[in-house]
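A.B. asks: Quick one, fold the following:
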Amino acid sequence: MSSTGTGRREWPAFKKWIQDYVFDPLFEPYFGMRLIRDTTEPFSSDKKYIFGYHPHAIIPLAGGWCSHTSQWESQMPGVRPSVLTSSILHNIPIARDVIQFTGGRDVSRSSFKNAVQTVGSVLLIPGGQREMIGSSSKSLEIRIDVKHKGFVRLGIEMGASLVPVFNFGGNRTFDNLPFPESWQRWCMKALRANVLFLPYGNWVFVPRTGPLTIVIGKPILKHVVTPTEEQVDLVHRRYYTILHEMFEKYKDDAGFSTSKMIFSGGNESFTMITEKEFNKSWTLACERAKSVEPSVRKRRTRKPFMSETFMATTIVILLFVASLLLTYE
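C.D. replies: Predicted coordinates for the structure are as follows:
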């Protein structure tokens, strides 16, 4: 396993420096970050956690640094998740180094499992770049892609608590140039990355100020070595139900009273499930699982259209050319 998945480039002195001199004194005031725990359940460094950060928006800046702040440290002492990012970022100089020096890894399955086992917790963005498409600071609809269930399955298999995290304001820090959505979706399908990407806030690459209100939800812990599809689906539905409940509970206080959360990306219509219904259905699903022979789940693999190093280089070149064209008089 390469350094992108092992965390061996983690640099504790750098983590301490960037928290004390960048994240706490600069980022927190600029973005007006406020961290809220919507649960009384204690978090412990002895337990395993999978923090799911939502939404991705154009650039999920706070997803990379919110867990490296004094606010996070004071509310969840000893719980410092390894931030999992797109493997493409690990091929871009400076971005790669900052991510890896602070303990970040790529979001591959092997990296995911290794981080949970060694660090104890991870933070990832389940919606990925699919949530980037159509994201707008002016839109009253906040799209949450519910297609992926892999992080839920791994959480159940590894006995790690799934913790939804929602960032009010993250979608307002950046917008993307209005490339046709059909073009962006083609890029996602063919290249596994949206290369039609030129973010702007107050100016190109300069994010708008907040405020950002980041809410941490109630953990879900279910441990089954070989979960059935029904069990995975139930935890998946409960996870996003908690996310939606958090959104509705805090949206007025966070300044999003007119906004609405929209679920998308599933192969079929997504239905939420209450805690009472979930507990009842989980008991029945466990009973049914006893009579089902465990099966080996085949993982689909797809040959990449081009190497990630080439894609990363292409993205850097396109951003550089675009910035020159926008600043040319």
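
A.B. asks: Going along the chain, name the helices of the stretch 201-329 of the chain.
C.D. replies: Listed in chain order, the helices of the stretch 201-329 of the chain (DSSP state H, counting those that start in this stretch) span 229-250, 275-289, 308-327.

A.B. asks: try the stretch 1-150 of the chain
C.D. replies: Under DSSP H, counting those that start in this stretch, the stretch 1-150 of the chain gives helices at 3-6, 12-18, 28-31, 61-65, 70-75, 95-101, 109-118, 150-158.

A.B. asks: Show me what secondary structure element comes after the last one.
C.D. replies: Right, the one you point to is helix 150-158. Next helix or strand after helix 150-158 toward the C-terminus (DSSP states H and E): strand 161-168.

A.B. asks: From the chain's centre, how far out is that following strand? Work that out for me.
C.D. replies: 9 Å (CA atoms, centre = their mean, to the nearest Å).

A.B. asks: same question, stretch 140-149
C.D. replies: Centroid displacement of stretch 140-149 relative to its chain, using CA atoms, centre = their mean, is 11 Å.

A.B. asks: Kindly report the same for stretch 5-15.
C.D. replies: Distance, centroid of stretch 5-15 to centroid of chain: 20 Å (CA atoms, centre = their mean).

A.B. asks: Any idea how far apart the tips of that stretch sit?
C.D. replies: Counting by CA to CA, to the nearest Å, you get 18 Å between the two ends of stretch 5-15.

A.B. asks: Over to stretch 217-237?
C.D. replies: Note: stretch 217-237 ends 15 Å apart using CA to CA.

A.B. asks: Tell me which residues of it come out buried.
C.D. replies: Burial within stretch 217-237, assessed by neighbour count using 16 or more other CB atoms under 10 Å, is assigned to 217-222, 224, 227-228, 231-237. Backbone N, C-alpha and C define where each C-beta goes, glycine included.

A.B. asks: And the furthest pair within these?
C.D. replies: Using CB to CB, the buried residues of stretch 217-237 span at most 24.7 Å, a distance reached by 217 and 228.

A.B. asks: nearest to residue 193, of the helices of the stretch 1-150 of the chain?
C.D. replies: helix 95-101 (13.8 Å).

A.B. asks: May I see the buried residues of that closest one?
C.D. replies: With burial defined by 16+ other CB under 10 Å, the residues of helix 95-101 counted as buried are 95, 96, 99, 100, 101.

A.B. asks: returning to what we had before: and of the buried residues of stretch 217-237, the nearest to residue 188?
C.D. replies: residue 236 (21.5 Å).

A.B. asks: Make sure that closest one is actually in contact with residue 151.
C.D. replies: No: between residue 236 and residue 151 there is no contact under CB atoms under 8 Å: 9.2 Å.

A.B. asks: Out of the helices of the stretch 1-150 of the chain, which is the most enclosed?
C.D. replies: helix 61-65 (a mean of 22; mean count of other CB atoms under 10 Å).

A.B. asks: got the CA positions of it in CSV?
C.D. replies: Coordinates of each C-alpha in helix 61-65 appear next as CSV, following Å, rounded to 0.1, in the frame of the first residue of the first chain:
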residue,chain,number,x,y,z
LEU,A,61,-13.1,23.1,2.3
ALA,A,62,-14.4,22.7,5.9
GLY,A,63,-14.5,18.9,5.5
GLY,A,64,-10.7,19.0,5.3
TRP,A,65,-10.0,21.2,8.3
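
A.B. asks: just how off-centre is it within its chain?
C.D. replies: 9 Å.

A.B. asks: From the contact counts, what lies against that helix?
C.D. replies: In terms of contacts (3 or more CB pairs under 8 Å, 6 or more residues apart in numbering; DSSP states H and E), helix 61-65 is packed against strand 82-85.

A.B. asks: Now the strand it packs on - C-alpha only, CSV.
C.D. replies: Backbone C-alpha positions of strand 82-85 (Å, rounded to 0.1, in the frame of the first residue of the first chain) are rendered in CSV as follows:
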residue,chain,number,x,y,z
SER,A,82,-8.2,10.7,9.2
VAL,A,83,-9.7,12.7,6.4
LEU,A,84,-10.3,10.6,3.2
THR,A,85,-10.1,12.5,-0.1
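
A.B. asks: That's all I had, so thanks and see you.
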